[in-house]
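A.B. asks: Attaching a predicted model along with its sequence, questions to come.
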Amino acid sequence: MADNGEQATQHVTRVREILPRSASIIEAFRDTSSRDHPGQLVLDTANELAAQHEQQWQAEDVSRASGASADAIAESKRLIDDLNARRVALVERIDEWVSTQVHSRADASLHTETLGSVVDRLAIAWVRANSLINTNDARDRARLALRQLAELADAYDDLIRDVATGHRRLPAWRPLKTYRSAS
């Protein structure tokens, strides 16, 4: 039977193996092909989250366009609601998977967000940075967005390390806001 030190080392190794690092998540925002990662569900879902946020960014641009008709604005807002409903389901998919794969010490400090929420914020930051990079007049904002993405990525990696070492635990929350169904 393994002693507590060996069990702790095995736990750290397992959590670090199954929870992808931020670099893998950011790469997954672009593409999830040809991967074989124990946390593939997180990577695939991260890809879907990035796609949702790209669509939402575009829908918000349409809803704010000068001269947009009331019908176009209403259609954009309905699309945003549909995208948010899908986004919430994707975040929940990550959180449900994490709850079955990662077991934390009950006495560890509670993190303020679920892992799915953190991955969602990374996706938002990635879409924001890419959108601003592709805008000619937003160079300073693009730099700021890239710095924010890098800081979020560092914070995510710190969180994974802290969860693996038993210093932090992830909450098992469920979303409380509901969105109109797309059907």
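C.D. replies: Cool, got the structure.
A.B. asks: Okay, and residue 172 sits in which element?
C.D. replies: Following DSSP states H and E, there is no helix or strand that holds residue 172.
A.B. asks: Wait, it touches residue 95, no?
C.D. replies: Yes: counting by Cβ atoms under 8 Å, residue 95 is a contact partner of residue 172 at 7.2 Å. Heads up, the C-betas are built off the backbone N, CA and C, glycines and all.
A.B. asks: So those two - more neighbours on which side?
C.D. replies: Per other Cβ atoms under 10 Å, whichever of residue 172 and residue 95 has more neighbours is residue 95, with 21 against 11.
A.B. asks: where's that one relative to residue 65, distance?
C.D. replies: Look at residue 95 and residue 65: by Cβ to Cβ, to the nearest Å, they are 35 Å apart.
A.B. asks: picking that back up, shared neighbours of residue 172 and residue 95, which are they?
C.D. replies: The contact sets of residue 172 and residue 95 overlap at residue 114 (Cβ atoms under 8 Å, 6 or more residues apart in numbering).
A.B. asks: for the lengthiest helix in the chain, the distance to its chain's centre please.
C.D. replies: Counting residues, the longest helix in the chain under DSSP state H turns out to be helix 70-101. When C-alpha coordinates are averaged (Cα atoms, centre = their mean, to the nearest Å), helix 70-101 and its chain have centres 12 Å apart.
A.B. asks: And it, what does it pack against?
C.D. replies: Where contact means 3 or more Cβ pairs under 8 Å, 6 or more residues apart in numbering; DSSP states H and E, helix 70-101 is packed against helix 40-64, helix 115-133.
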